[in-house]
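A.B. asks: Compute the structure for the input listed below.
(chains A and B)
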Amino acid sequence: MSTLLNLDASFAALADPTRRAILAQLALGEATVMELAKPFKMTQPAISQHLKVLEDAGLIVGRVDGTRRPRRLAKAGIDAMDQWLAMLRKALEKNYDRLDQILGAMESKKHKERKM
Amino acid sequence: MSKLTLKTEGDTHVIVTRRFAAPPEAVYRAHTDPKLVQQWLLGPEGWTMPVCINEARPGGKFRYEWTNDKGGGFYITGEFLELKPYSKIVHVERMHLPDPTPDNHVETTFTPDGSGTLMTMRMTLPDAQTRAAMLATGMERGMEASYVRLENMIGDLVPAAR
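C.D. replies: This is a model prediction of the structure:
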């Protein structure tokens, strides 16, 4: 259950375009708040707030390096989310795969009837 | 390799497309004949639709009830606004969880695509908040989040790197 709650936080964290961009940048490697703030017209406290949301969601982690606190992507969080998304997408595709089967059966029945 | 696409449009729309290797008439029937709907509109493994009422005529109502082997369940109710055999279905629907969600207005079109059909489902929600809430619930959450993640996040990688 805690995993599910954490995944909910992951999705909420991803709902914001700034946070998606932050994640995209972190996908390229570790970065500090100052480095992350650069591409955005935002203050460092505003970026720090976004980083906190991402951290609470388990998507990123930070480490202490002197006075710096660089962040990087948390692999576990990203992996868990990937699995969850794959599962949901698969469920939807499953509907239409089932429909493909039904359509196939409908078509072959129609061809048989035509031959009779 | 997935044949399914999903994207948001403006503040209130969600567009889903899927191709089928059958003519529009068959795809349309599979969306309107309750005996057929009951066989495929099931979501993940383990779910069934014990109740499938579908009065496929303008003003007609439908009610789909799902249940799983773990005692879970929910249902959708809706009304048909327009039916154009075999090319278009317009309906409104809401999910009961058990409180009803705001109405989702859905226009589904079936257009010939070679020997098959291209289905386009255009959902319209009352406002951006409702769409966000819908996208954050159930299957749509996965669809949207996966779209956002795969298309935007990876797509954003290049501009963000500059």
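
A.B. asks: Quick one: the strands in chain B, in order.
C.D. replies: In chain B, the strands defined using DSSP state E lie at B:5-9, B:13-20, B:47-54, B:61-68, B:73-84, B:88-96, B:104-113, B:116-124.

A.B. asks: weakest of the ones you listed by average pLDDT?
C.D. replies: Comparing mean pLDDT across the strands of chain B, the weakest is strand B:5-9, with a mean of 75.

A.B. asks: Each with direction, which strands does that strand pair with?
C.D. replies: Strand B:5-9 pairs in its sheet with strand B:13-20 (antiparallel), by DSSP bridges.

A.B. asks: Would you mind getting the angle between the partner strand and strand B:104-113?
C.D. replies: Relative orientation of strand B:13-20 versus strand B:104-113 (axes from the mean of the first three to the mean of the last three Cα atoms, to 10 degrees): 30 degrees.

A.B. asks: List the buried residues of strand B:13-20.
C.D. replies: Using 16 or more other Cβ atoms under 10 Å in any protein chain shown as the test for burial, strand B:13-20 gives B:14, B:16, B:18-20. (C-beta placed from N, C-alpha, C; glycine too.)

A.B. asks: can you check stretch B:61-74 too?
C.D. replies: Applying 16+ other Cβ under 10 Å to stretch B:61-74 flags B:62-67 as buried.

A.B. asks: which ones are touching A:Ile60?
C.D. replies: Neighbouring residues of A:Ile60 by Cβ atoms under 8 Å, 6 or more residues apart in numbering or on different chains: A:23, A:26, A:51, A:54, A:71-74, A:77.

A.B. asks: Could you check how far B:His31 is from chain A?
C.D. replies: According to Cβ to the nearest Cβ, to the nearest Å, B:His31 stands 9 Å off from chain A.

A.B. asks: I'd guessed that residue sits against B:Val90; true?
C.D. replies: No: counting by Cβ atoms under 8 Å, B:His31 stays clear of B:Val90, with 12.0 Å between them.

A.B. asks: And those two? Which one has more around it.
C.D. replies: Taking other Cβ atoms under 10 Å in any protein chain shown, B:His31 and B:Val90 do not tie; B:His31 has more neighbours (22 against 17).

A.B. asks: which one is the more buried one nearest to, not counting chain neighbours?
C.D. replies: B:Ile89 (6.2 Å; Cβ to Cβ, 6 or more residues apart in numbering or on different chains).

A.B. asks: what's near enough to touch B:Asn54?
C.D. replies: Taking Cβ under 8 Å, 6+ apart, we find B:Asn54 in contact with B:32-34, B:37, B:60, B:62, B:64.

A.B. asks: go with 6 Å
C.D. replies: B:34, B:62 (Cβ atoms under 6 Å, 6 or more residues apart in numbering or on different chains).

A.B. asks: what about chain A, any weak spots by pLDDT?
C.D. replies: A:1-8, A:11, A:15, A:17, A:20-21, A:24-25, A:27-28, A:39-40, A:76-92, A:115-116 (pLDDT under 70).

A.B. asks: please redo it, this time with the cut-off set to 90
C.D. replies: A:1-31, A:33-44, A:56-59, A:67, A:72-97, A:105-116 (pLDDT under 90).

A.B. asks: Fine by me, we can end here.
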